[in-house]
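[1] need coordinates for the following:
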Amino acid sequence: MKKLVKPLLAILLVSAASSAAIAQQAPKPEQVIKWRQSVYQTLAWYNGRIKANVDGTYNKDDVVRAANGIAAIANSGLGALYPAGTETGKGWRETSVKPELFTDGAKAGEAARKFITEANELAKVANAGDAAAVKVQFGKLGATCKGCHDDFRKKD
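    Reported below is the predicted structural model:
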């Protein structure tokens, strides 16, 4: 029995080390594209919730939750979802990102900063509870989205 313990322990240690190494490998481009597409679907969902409130019956709590979700995503480091090698390819569907996003870092960075600023401001305004102010700020946020889409998203 003692003769089996050392080899089994060695096998277990090698297996554990191998599993850890595999788990730390960079994700495949297709996976990153899926994550990226999922994040933007979540943003669309949050935006839809806010739009329904500013166009219909306003529910402050619903708007605050959605605005805080948008701000959290904006501040989460979205740039990490655009590594080299994900300019083309398929996640849930073909990526619609333009190559310019990967080659014009200054312009892409400025678009990201504007989005973060307006998302944070929307969360702040939503917490104050003024529906008219939320509608104005929501429009400013939407303008940052449109600007980025115009510059960095292929037309459908």
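
[2] hey, let's count contacts and neighbours off CA atoms from now on
    OK.

[3] and Arg49, how far is that from Lys114?
    Going from Arg49 to Lys114 by C-alpha to C-alpha, to the nearest Å gives 21 Å.

[4] same check, this time on Glu87
    Applying C-alpha to C-alpha to Glu87 and Lys114 gives a distance of 22 Å.

[5] buried sites along the biggest helix by length in the chain?
    Using DSSP state H to define each element, the chain has its longest helix at helix 29-55. Using 16 or more other C-alpha atoms under 10 Å as the test for burial, helix 29-55 gives 29-34, 36-37, 43, 46-47, 49-51, 53-54.

[6] ok, now stretch 60-80?
    Neighbour count says stretch 60-80 has 60, 63-71, 73-75 buried, by 16+ other C-alpha under 10 Å.

[7] just the closest of these to Thr144, please.
    Ranking those by separation from Thr144, with C-alpha to C-alpha as the measure, puts Ala74 on top at 11.7 Å.

[8] so what's the closest one closest to, chain neighbours aside?
    Using C-alpha to C-alpha, 6 or more residues apart in numbering and skipping the chain neighbours, the partner closest in space to Ala74 is Ile116 (5.2 Å).

[9] next: Ser96.
    That would be Lys154: by C-alpha to C-alpha, 6+ apart, it lies 5.1 Å from Ser96.

[10] helices of this structure, start to end?
    For the chain, applying DSSP H gives helices covering 2-23, 29-55, 60-74, 100-103, 105-128, 131-152.

[11] which one of those helices lies closest to Glu94?
    helix 29-55 (8.7 Å).
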